[in-house]
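Q: Model the structure of this input:
(chains A and B)
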Amino acid sequence: MGSVRRHVQIDRDPDTVWRLVGDLARQHEWFPLTTCRVEGKKRWITLPSGIVFEEDIITHDHSLRRFQYRMVGNPAITSHLGTCDVLDDGHGGSIVVYSTDMEPEALALVIAGAAGEGLHKLKTMMEAA
Amino acid sequence: MGRKILFITTDQQRYDALGCNGGHIARTPVIDELARTGIVYDRAHPQNVVCMPSRSTMLTGQHVSTHGVWMNGVPLANDAPSIASDLRRSGYRTALIGKAHFEPFLDPFLRFAENRIGSGGLETEMSIGEDGLPTPHRGFEHFSLATHGGTGPFHYARWLREKNPAAAAMFFQVLDQQLQVNAAGGGETNAPQVKHNDIQRELYHTEWVADQTINWLSSLPADADWFCWMSFPDPHHPWDPPKSELGRVNWRDLDVPPGYIEDATERERVLDNKPRHWRMWYDGTFISNYEAPSKWVPKTLTADNVREVNAMAHIENELIDEAIGRVMTSISARGWGDDLDVLYTTDHGELQGDYGLLFKGPYHVDSLMRLPLIWRPAKSANVAPARVAAPVGLVSLASTFASIAGLQRPDYTESERLPLNDDDARLLGHERVLTEWDSVLFGKIVGARTICRDGWVCTAMLPGTVHDGTEGELYDLANDPLQRNNLWSSSQHTAQRDALLDDMWSSLPTRVLPLRACDAPV
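A: Got it, this is the predicted structure:
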């Protein structure tokens, strides 16, 4: 199992950050995706290469500020759980943590790279606003 | 008009692959002629023994600790220095044709310019440089990108799909269903990563790289100065040259290579005398890095497997030589022959059966570190042919390109240009060459630092998952050319070892940045 994690500190309060991160149809605004489409407990994301992933939304908890999802319907992905948490950093800001556990493990590294880029962009966007 | 630069690289090629270096299997007359009329470096090492870090060193003239590409999957920073940018600013036309790999291949998010350029069928991608002016990606105004085989986003794969949609499937499938490096065997001996490839020779990537190089050069005006990096993806595994070419080398006719130890007891004794990760990989109990198939156990490698892999690799070497010959003929026809500098090398070597192993990893011995490196200066430069024994590194390439172009050595480079002969090497201070290894793969951490000087190779294994920082390797190259007798723990050689280590630690870059994030497995 490939288990990876990236995080970023953002000088904005967690509720403000969660308003964007917790809007699952807007993840393409900060993550390297082309589109996101949400229907109930399902989401479809399109990557810039044109690949579409179908996801089950497992957790979408506004009080915890936690989002968890699972990639499904892709025979190459035998196991997956993605988790994004927005935490209070104790100083008025936030820490956003993006974790992925998946098989094939090689793909976990790729997701981690994208998450790193996405979190960097999220910080830039939030702190500029 | 100035001197033109044709920089030829192969991928994962051994020093002994070439006739000019004593190789006797592949016929390499074109490269041998470059060697006969140029400068051959007999002790050239990479600064890392996998692709991305080594190629980043070629482009930046920096050691791995400085450019920060510490393992495959770590992208070279977009604003990293590039000798191609310097050459372009001085008026050179610039192209990279074939395999680049400064950025990860596995990139469904298309985060990296190489993949965007390839998938979009673009020539390059522009950004704003330090001078505030638009600059092409890494200084190259033209990319025609390829990797081994017909999958992926690059120009070659797109071209191949148009020519023959079925062709991509003819190659060995590099990754398996779990996206691991494929351990499947093939050929006649079930050797790992070997396949008889039905592709026509004219559609094979080696031919395409030469054709694209000829096409780009043909597009240039006669008075242009140019820097063309022609980068062949072979003989990197998988070993699947066109089936039509298999008659060139029959594996049954080959002896096992000198580095292969046929007696298993002796082979394992030699491995046990090295740091523990050698034997652990051989037994299949520790896989430190992504580049070798994790489901393949080297202990299962047979002598016939080794013969067949060698035959396939040497067939690929011959194809490269002939492709270079076509490019050289084309350049001569343009009237550029007298002003042409050719540099030939590779990014790292291949174990190719040595010690009962294949592929690459944290194994700092000649199999992976001793590289072919040839500089055939322009005839107009009047440089005498030479063989250079002094240790040199690929870290000197960027300075060498600058020197050829009449530029000052760029401040960012960390080594003098390549020497013209051994006297020049002494004047330039080519006393040692350094190689670094770092890998972190899901909690498995391996690090190594190596120095080569005065006929010795000394490697310190850094503390990590399996090493505690006390292990290492010390080889006397003159008396142990196959590096079978590790003298690291020999009391008679303690002073020698410690002097080498002192020199190594004081010579490595002092400004070591925190490890950059790994963004993909390769």
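Q: For burial, what's the neighbour tally of A:Ser79?
A: Using other Cβ atoms under 10 Å in any protein chain shown, the number of residues around A:Ser79 comes to 13. Using the backbone N, CA and C atoms, a C-beta is placed for each residue, glycine as well.
Q: show me where the stretch 251-400 of chain B has strands.
A: In the stretch 251-400 of chain B, the strands defined using DSSP state E, counting those that start in this stretch lie at B:340-346, B:373-376, B:386-388, B:392-393.
Q: One more: chain A?
A: Applying DSSP state E to chain A gives strands spanning A:2-10, A:35-39, A:42-46, A:52-61, A:66-72, A:79-88, A:94-103.
Q: would you turn those strands into CSV with mean pLDDT and distance to chain B?
A: Output for the strands of chain A, formatted as CSV (pLDDT from 0 to 100; distance: least, Cβ to the nearest Cβ, whole Å):
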stretch, mean pLDDT, distance to chain B
strand A:2-10, 96, 6
strand A:35-39, 97, 13
strand A:42-46, 98, 10
strand A:52-61, 98, 9
strand A:66-72, 98, 12
strand A:79-88, 98, 11
strand A:94-103, 97, 7
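Q: could you point out the longest helix in chain A?
A: helix A:105-128 (DSSP state H).
Q: That one and chain B, any residue contact?
A: Yes - Helix A:105-128 is in contact with chain B by Cβ under 8 Å from any Cβ of the partner chain, via A:Glu105, A:Ala106, A:Leu107, A:Leu109, A:Val110, A:Ala112, A:Gly113, A:Ala114, A:Gly116, A:Glu117.
Q: Taking chain A, what residue is nearest to chain B?
A: Using Cβ to the nearest Cβ, the single residue of chain A nearest to chain B is A:Gly113, 2.9 Å away.
Q: which one is that residue nearest to, not counting chain neighbours?
A: B:Asp519 (2.9 Å; Cβ to Cβ, 6 or more residues apart in numbering or on different chains).
Q: With A:Ala115 instead?
A: Distances taken as Cβ to Cβ, 6+ apart put A:Tyr98 closest to A:Ala115, at 4.0 Å, once the chain neighbours are dropped.
Q: And for B:Tyr282?
A: Per Cβ to Cβ, 6+ apart, closest to B:Tyr282 is B:Pro298, 4.8 Å.
Q: What count of nearby residues applies to that neighbour?
A: 21.
Q: I'd like to know how far it sits from B:Asn479.
A: Applying Cβ to Cβ, to the nearest Å, the value for B:Pro298 to B:Asn479 is 27 Å.
Q: now do B:Ser85
A: Applying Cβ to Cβ to B:Ser85 and B:Asn479 gives a distance of 45 Å.
Q: again with B:Asp234
A: 34 Å.
Q: quick one: which of those two has more around it?
A: B:Asp234 (28 against 9).
Q: Next, the contact list for that one, please.
A: B:Asp234 makes contacts with B:Thr10, B:Asp11, B:His148, B:His205, B:Thr206, B:Pro241, B:Glu316, B:Asn317, B:Leu319, B:Ile320, as judged by Cβ atoms under 8 Å, 6 or more residues apart in numbering or on different chains.
Q: ok, the closest residue to the third one other than its chain neighbours - contacts?
A: Across the structure, with Cβ to Cβ, 6+ apart as the measure, the residue nearest B:His148 apart from its sequence neighbours is B:Pro233 (4.2 Å). Remark: with contacts taken as Cβ under 8 Å, 6+ apart, B:Pro233 is in contact with B:Asp11, B:Gly98, B:Lys99, B:Ala146, B:Thr147, B:His148, B:His205, B:Thr206, B:Val209.
Q: Most neighbours among those, which one?
A: B:Gly98 (30 neighbours).
Q: right, and B:Glu130 touches B:Asp79 too?
A: Yes - under the criterion of Cβ atoms under 8 Å, B:Glu130 makes contact with B:Asp79 at 7.5 Å.
Q: Which residue ranges of chain B form helices?
A: B:29-37, B:51-60, B:64-67, B:83-89, B:113-119, B:155-163, B:205-218, B:264-272, B:276-283, B:303-333, B:366-369, B:397-404, B:422-428, B:494-507.
Q: who does the first one touch, helix- and strand-wise?
A: Secondary structure elements in contact with helix B:29-37, counted by 3 or more Cβ pairs under 8 Å, 6 or more residues apart in numbering or on different chains; DSSP states H and E, are helix B:303-333, strand B:340-346, strand B:373-376.
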